[in-house]
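A.B. asks: quick one, fold the following:
(one chain, ligands or ions: 1)
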Amino acid sequence: MRTPIIAGNWKMNMQLATAAELVTALKNDLAPLAASNQVEIVLCPPFVYLPRVAELVQGTRIGVGAQNMYFESKGAFTGEIAPAMVADFAQYVIIGHSERRQYFHETDESVNKKIRAALAQNLKPIVCVGEALETYEMGETDIWVRGQIHGAFKDLTAAEARALIVAYEPIWAIGTGKAATGAGANAVIGISIRGALTDLYGEAVAQAVRVQYGGSVTAKNIDEFIVQPDIDGALVGGASLKADEFSAICRAGLKKFE
Ligand code: PEP
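C.D. replies: Model prediction:
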């Protein structure tokens, strides 16, 4: 069975004091769940708060992730953060979030480079894919998402592929309050994402890779997604900024064992 994984993407929110408050509350709320190791929990704060969050979760099983990183290892890249810098504080890194693709011109090619650079530092990449509203309305989600998977996993070995976590995040569902349906997300993940992985690596790898759903997940709707056979957890934006809401979403991961 694939271990469910719930990750909170804080995006460009929080400040040092509010970040510490949130993590302290989550640590209390999630102590028994984190200790049980049944659900993997990851917090992805902005870069500058990684050291503080890493310090606060020390001794718990709550993981830490960055929201991005550069693929070069060092040098004259003003403003960028290298994979080894992320690895000093984090175990995970979100790669290719649609906001990075949309506002910062990331491409399947740069996503692939970042994945390889992350793996070289033993970081676990959370690789985001998902279609725009127009693509969805034209009925081209399958071909789009398959293309993104092929681009992201280009030249990765089967062993490397197994280490990745994919997040299926339809762009039209991110931050809009209009989540996909559980069945709809499950179909894209089961048919398009695991289908593309089967083409690349065969059935065993396709079934081993964990795939989250992301897009307006809340404590109210998480059950609809978590009970789906091909969905292994959630990447949560807005709802990860509230301790009670995010804790409830994490606890819903236990539904996988019912
Ligand atoms: C996200 O940022 O990856 C996301 C899914 O955001 P939200 O949950 O706010 O839709």
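
A.B. asks: what's stretch 190-209 in contact with?
C.D. replies: 2, 129, 141-142, 145-146, 149-150, 153, 158, 161-162, 164-166, 168, 211, 229-230 (C-beta atoms under 8 Å, 6 or more residues apart in numbering). The way it works is simple: take the backbone N, C-alpha and C, and place the C-beta from them, glycine included.

A.B. asks: pLDDT score for the residue of the stretch 1-150 of the chain found nearest the ligand?
C.D. replies: Among all residues of the stretch 1-150 of the chain, N9 sits closest to the ligand, at 4.3 Å; criterion: C-beta to the nearest ligand atom. If you check N9, the pLDDT there is 98.

A.B. asks: could you do A35 as well?
C.D. replies: Predicted confidence (pLDDT) for A35: 89.

A.B. asks: the residue lying closest to it once chain neighbours are set aside: how many residues sit nearby?
C.D. replies: In space, and not counting its chain neighbours, A35 is closest to R61: 6.5 Å by C-beta to C-beta, 6 or more residues apart in numbering. The tally of other residues near R61 (other C-beta atoms under 10 Å) stands at 15.

A.B. asks: what residues does R61 make contact with?
C.D. replies: Residues in contact with R61 (C-beta under 8 Å, 6+ apart) are 34-35, 37, 41.

A.B. asks: next step: the residues you listed restricted to helices.
C.D. replies: Counting by DSSP state H, the contacts of R61 place 34-35 in helices.

A.B. asks: for the residue of the chain found nearest the ligand, phi and psi?
C.D. replies: Distance from the ligand to each residue of the chain (C-beta to the nearest ligand atom) is smallest for G237, at 2.1 Å. Main-chain torsions, G237, degrees, to the nearest 10: phi -90, psi -100.

A.B. asks: wait, it touches G214, no?
C.D. replies: Yes - under the criterion of C-beta atoms under 8 Å, G237 makes contact with G214 at 7.2 Å.

A.B. asks: what do the two both touch?
C.D. replies: Both G237 and G214 are contacted by 9, 174, under the criterion C-beta under 8 Å, 6+ apart.

A.B. asks: which of the two has more residues huddled nearby?
C.D. replies: Taking neighbours as other C-beta under 10 Å, G237 and G214 compare with G214 leading, 28 against 22.

A.B. asks: what does the stretch 151-258 of the chain have sitting close to the ligand?
C.D. replies: Taking C-beta under 6 Å from any ligand atom as the criterion, the stretch 151-258 of the chain approaches the ligand at residues 169, 174-175, 214-217, 235-239.

A.B. asks: closest to A90 out of the residues you listed?
C.D. replies: L235 (15.3 Å; C-beta to C-beta).

A.B. asks: near the closest one, how many other residues are there?
C.D. replies: When neighbours are defined as other C-beta under 10 Å, L235 has 28 of them.

A.B. asks: ok but it is inside a strand, no?
C.D. replies: Yes - under DSSP: H, G, I helix; E, B strand; the rest coil, L235 falls within a strand.

A.B. asks: report the beta-bridge partner residues of it.
C.D. replies: A7, G214 (DSSP bridges).

A.B. asks: and it, what does it touch?
C.D. replies: L235 makes contact with 7, 9, 94, 126, 128, 167, 169, 212-214, 217 under the criterion C-beta under 8 Å, 6+ apart.

A.B. asks: so of those, which ones are in strands?
C.D. replies: Judged by DSSP state E, strands contain the following of the contacts of L235: 7, 9, 94, 126, 128, 167, 212-214.

A.B. asks: out of those, who's the most crowded?
C.D. replies: Counting neighbours by other C-beta under 10 Å, Y213 comes out on top of the ones in strands among the contacts of L235 with 31 neighbours.

A.B. asks: got a pLDDT number for that one?
C.D. replies: Listed pLDDT for Y213 reads 98.

A.B. asks: all helices of the chain, in order?
C.D. replies: In the chain, the helices defined using DSSP H lie at 16-36, 50-57, 83-87, 98-103, 108-120, 133-137, 141-152, 158-163, 182-187, 194-201, 203-208, 222-226, 243-252.

A.B. asks: quick one, the fifth one and helix 141-152 angle?
C.D. replies: Helix 108-120 and helix 141-152 meet at an angle of 50 degrees, taking axes from the mean of the first three to the mean of the last three C-alpha atoms, to 10 degrees as the criterion.
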